[in-house]
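> below are the sequence and a predicted model; questions follow.
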Amino acid sequence: MYKIPFLDLPPLRGAAGTVVLPGSKSISNRVLLLAGLSDGVTRVHDLLASDDTRVMLAALQELGCKLDRQADGVLAVTGIGGRPRTEAAKLFLGNAGTAMRPLTAALALLAATQGGSFELSGVPRMHERPIGDLVDALRGLGCDIACLGQEGYPPLRLSGPARLTLDAPVRVRGDVSSQFLTALLLALPLVATNDVVIEVTGELISKPYVHITLELLAHFGVQVRRDDDWQRFVIPAGSRYRSPGEVHIEGDASSASYFVALGAIAAADAPVRIEGVGSASVQGDVRFLEAAQAMGARVEIGANWLEVRRGAWPLRALDLDCNHIPDAAMTLAVMALYADGPTTLRNIASWRVKETDRIAAMAAELRKLDAEVEEGPDWLRVHPLKAWRPASIHTYDDHRVAMCFSLAAFNGLQDDRRGAAVPVRILDPQCVAKTFPDYFETLFGVVRAEIEDIPVITIDGPTASGKGTLTDEVAKALGYHVLDSGALYRVTGLAASRAGIDLDDGEAVAALVPTLELRFQDGQALLDGEDVSADLRLEATGLMASQVGAHPAVRRALHQLQLDFRQLPGLVADGRDMGTAIFPAAPLKVFLTASAATRAERRHKQLISKGLSANIEGLRADLEARDARDKGRSASPLQAAADAIELDNSAQTIEQSRDLVLSWWRDRRPF
Ligand SMILES: Nc1ncnc2c1ncn2[C@@H]1O[C@H](COP(=O)(O)OP(=O)(O)OP(=O)(O)O)[C@@H](O)[C@H]1O
Ligand SMILES: Nc1ccn([C@@H]2O[C@H](COP(=O)(O)O)[C@@H](O)[C@H]2O)c(=O)n1
């Protein structure tokens with residue numbers, strides 16, 4: 001996950017490959033609650049690991065459920081059989097509507113029948129999301145619920161005992177959020193001593209989500225009867241949750257929508273394959289496929305997979321009632337930018353009470369790209385874009401805003417009608433943790449950019465000037481990859497010396513390079529499977545590197561290997577010739593220096609801190625000798641590129657140099 005303030009997406013040009021979806025959020029949290037309320041152990045396969053499931057798991061644990069992460073990755077949940085092990089708990093539920101609503105219903109009923117006091121709270125936005133209709137329905141049954149802030153909103157205190165009246169129908173509004181009905185359906189089996197009837201007032205929205213609830217209840221042994229127009233539901237007397245033992249969570253259909261869109265927009269040659277949802281899926285958001293197909297996507301569908309490629313291009317504009325796909329429909333708003341006319345999304349009033357006011361948020365952010373957008377209380381109209389502006393997209397702590405705006409980076413695909421390709425900046429990218437923590441990594445696995453669109457920052461300079469340290473810091477701040485080119489020369493020197501090759505024989509050393517079995521993994525350098533990280537850092541290895549690095553043949557042999565590090569979303573490259581020979585067109589080149597005395601001192605401290613003995617004068621002599629050789633060689637000598645910015649960090653902290661480089665980078669970005 002990118003835990004950084006912003007992530008810049010370079011212009012993207014194509015997509016192909018396979019994506020394995022994370023588990024569905026809606027199914028994961030329903031299954032966890034049902035498993036937690038059942039007797040016995042439920043083994044949950046492919047559970048979504050995200051913020052929303054984490055808060056649900058923490059709440060269940062607090063109530064007495066046992067959670068056991070097993071070796072095969074399966075989570076074994078030992079339920080409480082409808083009897084919380086505690087009479088009082090304060091549960092923090094973040095911004096997870098799928099935890100707040102059903103736990104409110106379940107704990108209100110359990111407090112009423114068994115006594116207790118439970119407080120449920122969340123992040124500030126959760127306290128702005130209405131829950132009054134559910135509270136009213138539960139109070140109508142006799143539950144004791146106090147709204148601790150504003151009436152009708154969390155935080156809530158649920159207290160008991162209280163006398164429940166279950167013989168009259170429970171009435172709940174269905175036209176604001178279907179989660180209120182879902183909450184009652186999931187909770188009322190706990191107290192169904194007689195048939196319990198739920199009557200929905202207002203037309204029920206998001207029926208597919210209620211369908212998921214009914215399917216899962218059936219899986220846990222509760223057969224709810226419903227009438228044909230989804231207005232009346234009966235929970236039979238004596239209903240009891242029975243753990244099915246094993247439950248498999250299907251992939252998240254809403255998350256699939258971004259990759260379906262990706263296929264429709266950018267898979268011009270090979271398809272994007274999406275594993276985890278398909279024709280057997282119970283989630284309503286699989287119907288996003290119909291909308292994508294109407295816009296031009298070519299889709300092949302299997303029971304548990306999809307393959308999507310571009311059909312019509314530009315996409316076809318759409319006028320659609322999105323009531324059945326409220327979450328996935330946000331993706332259509334960004335696809336609309338690539339369409340042949342204005343796209344209108346209707347019946348999306350529920351967007352206003354989600355993680356943020358999604359109608360307002362989508363309109364505001366689309367306009368930043370320069371799109372013409374119209375909005376109403378429950379609709380949004382998006383006109384296609386001709387010339388895109390680079391934009392910094394605010395994400396409102398809303399995972400879906402972040403994910404669907406990543407699709408705006410495909411502006412580079414367009415034909416002549418539209419302007420030049422521009423990058424897109426996603427602010428607070430880690431908000432995707434709510435449902436898809438690895439979203440951007442997954443995206444980068446299946447998209448393609450022109451190599452020159454992938455940004456590179458080069459940091460060259462003499463030995464021990466702090467290049468590696470600065471490179472790591474800058475890369476961490478931007479979410480970029482790191483190329484430690486010195487490590488490649490060090491490995492080459494080490495391997496050659498181990499193989500008994502004369503380090504002055506450039507051709508022989510160069511011939512060794514293609515045979516090297518080298519991997520960089522979790523901070524380790526593995527040569528033929530052996531961790532050689534410690535050997536690489538020895539000063540003696542640095543000298544061998546300097547010796548082999550003087551041969552043009554060795555430099556040529558290592559050239560492509562270094563270019564291959566240029567991957568999405570960007571690269572910071574550290575070395576001697578990054579800015580002069582390897583990435584001569586890099587938009588930011590830094591030449592980092594520090595006085596020889598400072599560098600020797602730093603290296604001395606570095607070695608001592610690793611428990612290695614060192615002599616400061618000796619170190620200084622070594623590094624000056626190495627610098628002299630690096631500067632004096634004919635092939636790619638150590639020197640500042642003509643357009644590099646020189647930075648002497650002798651008197652600077654690491655943070656100061658990092659911030660300076662980041663400020664130079666900011667000046668070069670179009671946002
Ligand atoms: N202002 C600073 N900037 C960077 N590094 C610093 C700074 N102050 C102290 N250091 C320390 O200097 C030491 C040497 O830094 P580093 O290993 O990054 O240098 P390098 O240029 O990559 O060296 P080499 O050329 O041998 O690979 C590190 O221990 C680092 O923490
Ligand atoms: N781009 C580069 C990087 C390194 N070298 C040579 O390798 C030696 C070790 O580099 P470190 O950065 O790990 O200290 C260095 O002294 C150079 O001789 C190079 O030539 N080009």
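Nice, thanks for sending it over. Ligands and ions are numbered 1, 2, ... in the order given.
> now residue 311, what's its secondary structure?
Here residue 311 is coil, with the state taken from DSSP: H, G, I helix; E, B strand; the rest coil.
> enumerate every residue touching it.
Residues in contact with residue 311 (C-beta atoms under 8 Å, 6 or more residues apart in numbering) are 264, 293, 296-298. Bear in mind the C-beta positions are built from the backbone N, C-alpha and C, glycine included.
> so residue 397, which of the three states?
Per three-state DSSP, the secondary structure class of residue 397 is coil.
> gap between the residue lying closest to it once chain neighbours are set aside and residue 29?
Using C-beta to C-beta, 6 or more residues apart in numbering and skipping residues adjacent in sequence, the residue nearest residue 397 is residue 431, 5.1 Å away. Going from residue 431 to residue 29 by C-beta to C-beta, to the nearest Å gives 18 Å.
> more neighbours, these two?
residue 29 (26 against 22; other C-beta atoms under 10 Å).
> residue 53 is in contact with that one, correct?
Yes: under the criterion of C-beta atoms under 8 Å, residue 29 makes contact with residue 53 at 6.1 Å.
> do a quick rundown of the strands in the stretch 501-650 of the chain.
Taking DSSP state E, counting those that start in this stretch as the criterion, the stretch 501-650 of the chain carries its strands at 518-521, 524-527, 530-531, 571-575, 588-593, 645-648.
> which residue ranges of the stretch 51-200 of the chain form strands?
Under DSSP E, counting those that start in this stretch, the stretch 51-200 of the chain gives strands at 66-69, 75-78, 88-92, 116-121, 144-147, 156-160, 170-173, 196-201.
> turn the ones you listed into CSV, including mean neighbour count.
Output for these, formatted as CSV (neighbours: other C-beta atoms under 10 Å):
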stretch, mean neighbour count
strand 66-69, 13
strand 75-78, 21
strand 88-92, 17
strand 116-121, 21
strand 144-147, 17
strand 156-160, 22
strand 170-173, 20
strand 196-201, 19
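> which among these is found nearest to ligand 1?
strand 66-69 (36.7 Å; C-beta to the nearest ligand atom).
> now that closest one: mean pLDDT?
Strand 66-69 comes out with an average pLDDT of 97.
> quick one: contacts of it?
Residues contacting strand 66-69 (C-beta under 8 Å, 6+ apart): 57, 60-61, 75-78.
> looking at the strands of the stretch 501-650 of the chain, which is nearest to residue 49?
Closest of those to residue 49 is strand 518-521, at 21.8 Å (criterion: C-beta to C-beta).
> next, residue 203: secondary structure please.
Here residue 203 is recorded as coil under three-state DSSP.
> could you report the neighbour count for the nearest residue to it once chain neighbours are set aside?
The spatial neighbour of residue 203 that comes closest, neighbours along the chain excluded (C-beta to C-beta, 6+ apart), is residue 175 at 5.5 Å. Per other C-beta under 10 Å, the neighbour tally for residue 175 reads 14.
> give the contact list for residue 175.
Applying C-beta under 8 Å, 6+ apart, the residues contacting residue 175 are 201-205.
> same list (those) but as a markdown table, adding distance to ligand 1 and pLDDT.
Below are these laid out as a markdown table (distance: C-beta to the nearest ligand atom, whole Å; pLDDT from 0 to 100):
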| residue | distance to ligand 1 | pLDDT |
| --- | --- | --- |
| 201 | 65 | 94 |
| 202 | 63 | 92 |
| 203 | 63 | 90 |
| 204 | 61 | 92 |
| 205 | 56 | 87 |
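> just the buried subset of these, please.
Burial by neighbour count, judged by 16 or more other C-beta atoms under 10 Å, picks out 204-205 from the contacts of residue 175.
> which single residue in this structure comes nearest to ligand 1?
residue 466 (2.2 Å).
> how many neighbouring residues does that residue have?
23.
> what of the one 4 residues further on?
Burial of residue 470, expressed as a neighbour count using other C-beta under 10 Å, amounts to 25.
> one more: residue 280?
Using other C-beta under 10 Å, residue 280 has 11 neighbouring residues.
> give the contact list for it.
250, 303-304.
> got those residues as JSON lines, with distance to residue 155 and neighbour count columns?
Converted to JSON lines, the contacts of residue 280 look like this (distance: C-beta to C-beta, whole Å; neighbours: other C-beta atoms under 10 Å):
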{"residue": "250", "distance to residue 155": "32", "neighbour count": "21"}
{"residue": "303", "distance to residue 155": "43", "neighbour count": "9"}
{"residue": "304", "distance to residue 155": "40", "neighbour count": "16"}
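> of those, closest to residue 651?
Looking across the contacts of residue 280 and measuring by C-beta to C-beta, the closest to residue 651 is residue 250, at 58.0 Å.
> isn't that closest one right up against residue 24?
Yes: counting by C-beta under 8 Å, residue 250 touches residue 24, with 5.7 Å between them.
> gap between the two ends of stretch 294-305?
Terminal residues of stretch 294-305 are spaced 19 Å apart (C-alpha to C-alpha, to the nearest Å).
> adding pLDDT and distance to residue 561 as columns, could you present the contacts of strand 66-69 in a markdown table?
Putting the contacts of strand 66-69 into a markdown table (pLDDT from 0 to 100; distance: C-beta to C-beta, whole Å) gives the following:
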| residue | pLDDT | distance to residue 561 |
| --- | --- | --- |
| 57 | 98 | 43 |
| 60 | 98 | 49 |
| 61 | 98 | 48 |
| 75 | 98 | 41 |
| 76 | 98 | 45 |
| 77 | 98 | 47 |
| 78 | 98 | 51 |
